[in-house]
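In: give me a 3D structure for the following:
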Amino acid sequence: MRDCDRAIQKTLDLVQAMIELADHGDDVREDDGCGVLYSVMRDAAFKIQKLAQAEKQAHIKKGWWQE
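Out: Alright, predicted model coming up:
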C-alpha cells in the first residue's frame with residue numbers, strides 16, 4: 001500500500017475510533033456540556049470520514065489504491 005493510501009486508511013480508522021468514543025461518551029455523560037462535546041466530536045468525525053472516503057475513491061479510480 002502506498003504511503004498516501006496508508007494515511008487515508010489511518011484517517012478512516014481514526015474517525016471510526018472518534019465515532020465510537022463519542023457514542024460511549026454520550027452514553028455515560030452526566031451533564032449537557034459533555035453532550036455538546038461528544039456531539040461536536042461525532043459531527044467532526046463524520047465530516048472527516050466523508051472527505052477521506054471521497055479521497056479513497058479518487059485513489060481507487062486512479063488505480064493507486066492497493067489493499
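In: quick one, strands of the chain?
Out: With DSSP state E as the criterion, the chain has no strands.
In: centroid-nearest residue for it?
Out: Of all residues in the chain, the one closest to the mean position by Cα atoms, centre = their mean is residue 15, 2.0 Å from it.
In: how about that residue, what does it touch?
Out: 45-46, 48-49, 52 (Cβ atoms under 8 Å, 6 or more residues apart in numbering). All C-beta atoms are positioned from the backbone trio N, CA, C, and that covers glycine.
In: what pLDDT does it get?
Out: At residue 15, the model reports a pLDDT of 98.
In: what of the one 3 residues further on?
Out: Model confidence at residue 18, given as pLDDT, is 98.
In: and residue 16, how many neighbours?
Out: 12 (other Cβ atoms under 10 Å).
In: then the one 10 residues further on?
Out: By the measure other Cβ under 10 Å, the count of residues near residue 26 is 15.
In: show me the helices in this structure, by range?
Out: Taking DSSP state H, the helices of the chain run over residues 3-28, 32-62.
In: any buried residues in the first one, and which?
Out: Judged by neighbour count (16 or more other Cβ atoms under 10 Å), helix 3-28 contains these buried residues: 5, 8, 11, 15, 18-19, 22, 25.
In: return the member of those residues nearest to residue 63.
Out: Using Cβ to Cβ, residue 5 comes nearest to residue 63 of the buried residues of helix 3-28, at 11.3 Å.
In: distance check, residue 21 against residue 7.
Out: When distance is defined by Cβ to Cβ, to the nearest Å, residue 21 is 21 Å away from residue 7.
In: and residue 16, by the same measure?
Out: Taken as Cβ to Cβ, the span from residue 16 to residue 7 is 15 Å.
In: now do residue 24
Out: Distance from residue 24 to residue 7, by Cβ to Cβ: 26 Å.
In: again with residue 29
Out: 32 Å.
In: which among the contacts of residue 15 end up buried?
Out: Buried residues within these, counting neighbours by 16+ other Cβ under 10 Å: 45, 49, 52.
In: go ahead and confirm the last one touches residue 12.
Out: Translated: residue 52. Yes: between residue 52 and residue 12 there is a contact at 5.2 Å, judged by Cβ atoms under 8 Å.
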